[in-house]
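Peer 1: curious how this folds, go ahead:
(one chain, ligands or ions: 2)
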Amino acid sequence: MLSLPPLALYVHIPWCVRKCPYCDFNSHRAPEALPQREYVAALLADLEQDLPLVWGRTVTSVFFGGGTPSLFSGEAIGEFLQGAAARLRFRPDLEVTLETNPGTVEHDRFDAYARAGVNRLSFGIQSFDDGCLARLGRIHDAAQAERAVKLAQDAGFSNINLDLMYALPGQTTAMALADLERAIALDPAHLSHYQLTLEPGTPFARQPPAGIPEGDDAWDMQEACQTRLAEAGYAQYEVSAYAREGRQCAHNLNYWRFGDYLGIGAGAHGKITLPADGTILRRWKLKHPKTYMDAAAGDARIGGDEHLAAERRPFDYMLNALRLREGFPLADFEARTGLARATIAPKLADLSERGLLDVAEEWVRPSELGWRFLNDVMAAFLP
Ligand SMILES: C[S@@+](CC[C@H](N)C(=O)[O-])C[C@H]1O[C@@H](n2cnc3c(N)ncnc32)[C@H](O)[C@@H]1O
Ligand code: SF4
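Peer 2: Numbers count the residues shown, from 1 in each chain. Ligands and ions are numbered 1, 2, ... in the order given. Presented below is the predicted three-dimensional model:
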């Protein structure tokens with residue numbers, strides 16, 4: 001029953017100018033001279049060896065994530081994309097996103113990214129309040145962030161996402177709404193609105209800054225922001241994602257629909273369906289940039305391989321699909337997990353009875369109540 005879903009390509013760039021105290025992404029302080037050529041060569045060697053996992057399939061999106069991919073030149077990004085296009089079949093309307101820190105870009109960069117084939121930019125803005133930005137340890141202020149977005153628009157980019165965080169130390173709902181006004185004024189196609197989380201092992205988790213809105217306060221802030229975004233024409237389609245009509249992120253939608261993706265680069269994770277073997281393979285790469293580059297030409301680059309056990313698949317599926325407001329078709333659950341809907345029917349019935357899920361003949365989606373307690377709904381599918 002397992003069948004092939006769409007395939008995406010994730011490329012990790014593991015360096016930042018400096019590490020933000022709230023962030024647990026695989027990112028390392030960039031050395032004076034960034035080894036861009038060596039890293040691109042390592043990425044292509046890594047990709048080359050993963051190819052047998054995806055023979056004959058078409059890639060629907062590419063996402064350069066980080067870290068800070070905008071530390072790389074357009075030429076380096078272009079070299080990777082050309083190398084990848086020679087090895088993989090790209091869909092003609094391929095979405096190619098590059099994550100950008102507004103503190104790292106100057107004018108010519110955006111033209112070079114466009115020439116390289118990038119057609120979507122995602123800016124890490126976080127806030128337009130200089131006090132908040134300073135408390136978050138960001139390397140840019142609000143004016144720089146606005147300037148960077150306008151430079152990208154001048155270079156012809158129209159498919160732009162802005163990342164904002166809310167529930168920041170000392171932030172009120174009025175301040176969060178003021179951030180949204182500045183974001184909306186830039187007219188992006190997409191907005192990601194993340195609640196600040198204290199990730200274990202980060203300086204913020206060790207010593208939480210004072211005044212972080214929690215519980216009902218954070219929820220109220222989220223609801224006020226969601227209402228404002230809806231008024232401005234940005235519909236929430238996922239827990240943290242808002243888009244203008246037709247501007248949802250194809251790459252992230254593929255994750256949430258439990259699609260497949262190759263993960264290339266230091267610490268990158270991939271998920272590949274292998275219907276002939278009846279398995280779903282999760283593969284991740286060595287985390288440290290130097291160790292990864294040294295190992296990229298062989299099997300040693302692989303940090304681990306795991307075949308996703310049948311018992312675990314419902315939970316992994318729900319962890320993604322229930323994040324979508326639209327929920328999921330039961331036929332997709334069957335095709336992408338290889339399990340019959342009967343395996344989750346008792347849980348669906350229970351959650352529907354408790355008012356947490358709306359379950360129709362062919363479709364499942366979180367109810368208003370379920371949306372509020374999403375983590376509990378997901379946890380119900382743990383083996
Ligand atoms: C890889 S970063 C984006 C590009 C670039 N590294 C930057 O920060 O400008 C991805 C996004 O995740 C979000 N993020 C990171 N750590 C977070 C946390 N602890 N809580 C909530 N959102 C977080 C931020 O909005 C950030 O822009
Ligand atoms: S710039 Fe982005 S990836 Fe880098 S440390 Fe800050 S939030 Fe994390």
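
Peer 1: His269 pairs with what?
Peer 2: Trp284 (DSSP bridges).

Peer 1: residue contacts, it?
Peer 2: 10, 263, 282-285 (C-beta atoms under 8 Å, 6 or more residues apart in numbering). Where you see a C-beta, it was placed from the backbone N, CA and C, and this is true even at glycine.

Peer 1: quick check, pLDDT for it.
Peer 2: What the model reports as pLDDT for His269 is 98.

Peer 1: now Asp305: how far from Gly263?
Peer 2: Using C-beta to C-beta, to the nearest Å, we find Asp305 at a distance of 12 Å from Gly263.

Peer 1: do the same with Ala84
Peer 2: Ala84 is 13 Å from Gly263, by C-beta to C-beta.

Peer 1: swap in Leu151?
Peer 2: Distance, Leu151 to Gly263, by C-beta to C-beta: 30 Å.

Peer 1: over to Ala183?
Peer 2: Taking C-beta to C-beta, one finds Ala183 at 29 Å from Gly263.

Peer 1: which neighbours do Asp305 and Gly263 have in common?
Peer 2: Common neighbours of Asp305 and Gly263 (C-beta under 8 Å, 6+ apart) are Arg283.

Peer 1: leaving out the residues flanking it, which one is nearest to Ala155?
Peer 2: Using C-beta to C-beta, 6 or more residues apart in numbering and skipping residues adjacent in sequence, the residue nearest Ala155 is Phe110, 3.6 Å away.

Peer 1: help me confirm that the one you found is found in a helix?
Peer 2: Yes. Membership of Phe110 in a helix is supported by DSSP: H, G, I helix; E, B strand; the rest coil.

Peer 1: ends of stretch 339-359, what's the gap?
Peer 2: 18 Å (C-alpha to C-alpha, to the nearest Å).

Peer 1: same check on stretch 43-62?
Peer 2: Start to finish, the residues bounding stretch 43-62 are 13 Å apart (C-alpha to C-alpha).

Peer 1: equivalent analysis for stretch 12-22, please.
Peer 2: 19 Å.

Peer 1: for that stretch, buried residues please.
Peer 2: Neighbour counts over stretch 12-22 (16 or more other C-beta atoms under 10 Å) mark 12-17, 20, 22 as buried.

Peer 1: neighbouring contacts of that stretch?
Peer 2: Stretch 12-22 has contacts (C-beta under 8 Å, 6+ apart) with 26-31, 34, 39, 64-69, 71-72, 101, 103-104, 136-139, 196-199, 202-204, 263-268, 285, 287, 289, 292.

Peer 1: which members of the residues you listed additionally contact ligand 1?
Peer 2: Filtering the contacts of stretch 12-22 for proximity to ligand 1 by C-beta under 6 Å from any ligand atom leaves 65-66, 68, 101, 196-197, 199.

Peer 1: helix/strand/coil for the residue of the stretch 101-250 of the chain at minimum distance from ligand 1?
Peer 2: Closest to ligand 1 within the stretch 101-250 of the chain is Gly124: 1.9 Å, counting by C-beta to the nearest ligand atom. Secondary structure, three-state DSSP: Gly124 is strand.
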